[in-house]
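> this one's sequence-less:
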């Protein structure tokens, strides 16, 4: 069964790079940058895991987390620390290793 993840961050290049590097047959990767993107994606499909980049504003973290909690009682939320865009992909991969083993 395929897992669906939503990656949220500031820059298209970081998100697109992560999506390309996470390509696996058992994983569907969606991208977003805002609370509106979260609402839209959750209205279209079930999401299993949400990854929020560390450079988004704290208020945005809270808004996104609250939106996910309201939209789903099954999705998990993972917040990156402030390590920046260079740490985003390794953060997502580290979490996924425990959730969706190869």
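Now that the structure is in, tell me what you want to look at. Remember, it's a predicted structure, so these values are computed and weren't measured experimentally.

> Under the pLDDT cut-off, which ranges of the chain? List them.
Counting by pLDDT under 70, the chain shows low-confidence ranges at 99-102.

> if we go to 80?
In the predicted model of the chain, residues 1, 83-85, 99-102 satisfy pLDDT under 80.

> in it, which spans are helices?
Counting by DSSP state H, the chain has these helices, from start to end: 12-21, 35-44, 58-71, 88-99.

> Of all those helices, which one is nearest residue 50?
helix 58-71 (5.2 Å; C-beta to C-beta). No exception for glycine: its C-beta is placed from N, CA and C like everyone else's.

> Which elements pack onto the closest one?
The contact analysis (3 or more C-beta pairs under 8 Å, 6 or more residues apart in numbering; DSSP states H and E) places helix 58-71 against helix 35-44, strand 49-52, strand 76-79.

> 10 Å instead?
strand 3-8, helix 35-44, strand 49-52, strand 76-79 (3 or more C-beta pairs under 10 Å, 6 or more residues apart in numbering; DSSP states H and E).
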